[in-house]
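Enquirer: Turn this into a structure:
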Amino acid sequence: MDIIISSLLLLYNLLAGTGEDNADARQIAAVYINSAAGRTVIAGTPMEESPVKENAAKPGVKKDPQPETPPIKGIYVTAHSAGGARLESLLKLVKDTELNSMVIDIKDDTGYITYPTTTPELLEVGESKKYIRNIDALMVTLKENNIYPIARVVVFKDTVLARKQPELSFRHQDGTIWKNGRGESFVNPYRKEVWEYNVAVAKEAAKIGFKEIQFDYVRFPEGFEKKADSLTFSKTEQSRVDTVAGFVKYAREQLEPLGVRVSVDIFGYAASVPAAEGIGQDFVKISNDVHVISPMVYPSHYSTGWFKQKAPDLKPYETIKGAMTDTHTKLDPIADTKPIIRPWIQDFTASWLGKGQYKKYGKAEVEAQIKALHDTGINEYLLWNAGNKYSPGVEYK
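Expert: Next comes the predicted model:
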């Protein structure tokens, strides 16, 4: 028997050879030899334990196309401001401070492309306005002032497209388009035509010169789970969460090769709950496929009890610190795909909250939020004021 085993071992060496490239051959040879011997003569290496080359390609894995970009500190700029007289004062604000970026509406909350595009593909689906009459001149101005340009693209809240192509929206049983309480309509995240259109807008923004595409309203309408059964719309077997995450992955894979970053705005509370199933936002799933995540952690958007605060708007430092602690807790486990965390913070007064629930926001309140970010290891942020009127004298550290 020993002679037989010795012969089999010799045969194994002849079949398998040596070297890393022959691992599979050794595996196959071991199977045949052991079978012939009727017992385990050679302990084969399980396939899953086979050595993996360190430089093996990993398709689909995101990679920051701008790893040398300094920390971004920016302001929101409407298309009206970017294309109008207010731009000068906003340029001065950035020039005179440590701010270095502008987030500019390229497809706005109504759904309009905010400059006179001539691209047939975009005009066939959407509509453009001349809010920014000369987009190329704007880009030159931003570059001359060393401003990092971010294009804001509002995705699924799109009244323009819903009216133009109702089949891409949500409809009542009588065929009319569903609207929310503010008269706004959304388009259907299940429809790939909607994905392709918004990514086409983003690709043109990249071509124009924007360094980053920030997608907003990457979700279903608020409270959608309560109205979905009464509306007519096409859908797949995927959950709302997976559908929204699928769009983000698709967008990132389409845009990353163009050298632009992809970022997504997301409700701040999404970092503090398991998942916002109703609107289809899962903080971790979205974060896995973006270069930058921007949770909207405005203190005014948290209700009584959040972060142990009776009135969160009155406590900007404590509220932001609590929100960032939850954000880290959510994202630290995904170290390999963890994006840059760049929150939206509040530079507006939420008087609609009512007496005793809000305070006037200014220099002290903005700086308190920035301090809370720094104290939790965050050094990037964006300031939101819908009218682009930012508090004077703020030290943007």
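Enquirer: so what pLDDT did residue 173 get?
Expert: Listed pLDDT for residue 173 reads 94.
Enquirer: residues near it, how many?
Expert: 8 (other Cβ atoms under 10 Å). For glycine as for every other residue, the C-beta is placed from the backbone atoms N, C-alpha and C.
Enquirer: Contact partners for the closest residue to it other than its chain neighbours?
Expert: Among residues not flanking residue 173 along the chain, residue 232 sits closest, at 6.7 Å (Cβ to Cβ, 6 or more residues apart in numbering). For residue 232, the contacting residues are 170, 171, 172, 173, by Cβ atoms under 8 Å, 6 or more residues apart in numbering.
Enquirer: May I see those residues organised as a markdown table, with secondary structure and distance to residue 67 added?
Expert: Compiled in a markdown table, those are given as follows (DSSP: H, G, I helix; E, B strand; the rest coil; distance: Cβ to Cβ, whole Å):
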| residue | secondary structure | distance to residue 67 |
| --- | --- | --- |
| 170 | coil | 40 |
| 171 | strand | 45 |
| 172 | coil | 48 |
| 173 | coil | 51 |
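Enquirer: Buried among those residues? Need that as a selection in PyMOL.
Expert: With 16 or more other Cβ atoms under 10 Å as the criterion, this PyMOL line picks the buried residues out of the contacts of residue 232:
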select buried, resi 170+171
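Enquirer: ok, of the contacts of residue 232, which one's closest to residue 326?
Expert: Residue 326 has its nearest neighbour among the contacts of residue 232 in residue 170, at 31.1 Å by Cβ to Cβ.
Enquirer: Relative to residue 234, how far out is the closest one?
Expert: To residue 234, residue 170 is 10 Å away according to Cβ to Cβ, to the nearest Å.
Enquirer: okay, and the common contacts of the two?
Expert: Shared contacts of residue 170 and residue 234 (Cβ under 8 Å, 6+ apart): residue 188.
Enquirer: Low-confidence stretches in the stretch 251-397 of the chain?
Expert: Applying pLDDT under 70 to the stretch 251-397 of the chain picks out no residues at all.
Enquirer: Can you name the residues that contact the residue nearest in space to the middle of the chain?
Expert: Closest to where the C-alpha atoms of the chain average out (Cα atoms, centre = their mean) is residue 264, at 2.5 Å. Contacts for residue 264 were tallied using Cβ under 8 Å, 6+ apart; they are 214, 215, 216, 218, 248, 286, 290, 292, 293, 294.
Enquirer: Then residue 184?
Expert: Residues in contact with residue 184 (Cβ under 8 Å, 6+ apart) are 109, 110, 157, 159.
Enquirer: Counting only helices, which of the residues you listed make the cut?
Expert: Among these, the members falling in helices (DSSP state H) are residue 159.
Enquirer: Just the closest of the contacts of residue 184 to residue 134, please.
Expert: Of all the contacts of residue 184, residue 110 has the smallest distance to residue 134: 21.4 Å, by Cβ to Cβ.
Enquirer: if I look at the closest one, how far off is residue 135?
Expert: 18 Å.
Enquirer: Mind checking which of those two has more residues around it?
Expert: residue 135 (23 against 17).
Enquirer: For that one, give me the pLDDT.
Expert: On the pLDDT scale, residue 135 gets 98.
Enquirer: Apart from its neighbours in sequence, what residue is nearest it?
Expert: That would be residue 115: by Cβ to Cβ, 6+ apart, it lies 4.1 Å from residue 135.
Enquirer: and the host helix or strand of residue 194, what does it pack onto?
Expert: Assigned by DSSP states H and E, residue 194 belongs to helix 192-208. Counting contacts by 3 or more Cβ pairs under 8 Å, 6 or more residues apart in numbering; DSSP states H and E, helix 192-208 packs against strand 101-107, helix 120-125, helix 135-144, strand 148-154, strand 212-216, helix 240-255.
Enquirer: State the mean pLDDT of that helix.
Expert: 98.
Enquirer: Likewise for stretch 212-219?
Expert: 98.
Enquirer: Check the burial of the nearest residue to residue 204 once chain neighbours are set aside by counting its neighbours.
Expert: Leaving aside its sequence neighbours, residue 204 sits nearest to residue 119 (Cβ to Cβ, 6+ apart; 6.0 Å). When neighbours are defined as other Cβ under 10 Å, residue 119 has 15 of them.
Enquirer: What distance do you get for residue 119 to residue 208?
Expert: From residue 119 to residue 208 the distance is 11 Å (Cβ to Cβ).
Enquirer: any chance of the helices and strands packed on helix 192-208 in JSON lines, plus distance to residue 225?
Expert: Listed next are the helices and strands packed on helix 192-208 as JSON lines, based on distance: least, Cβ to Cβ, whole Å:
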{"stretch": "strand 101-107", "distance to residue 225": "26"}
{"stretch": "helix 120-125", "distance to residue 225": "28"}
{"stretch": "helix 135-144", "distance to residue 225": "39"}
{"stretch": "strand 148-154", "distance to residue 225": "22"}
{"stretch": "strand 212-216", "distance to residue 225": "21"}
{"stretch": "helix 240-255", "distance to residue 225": "8"}
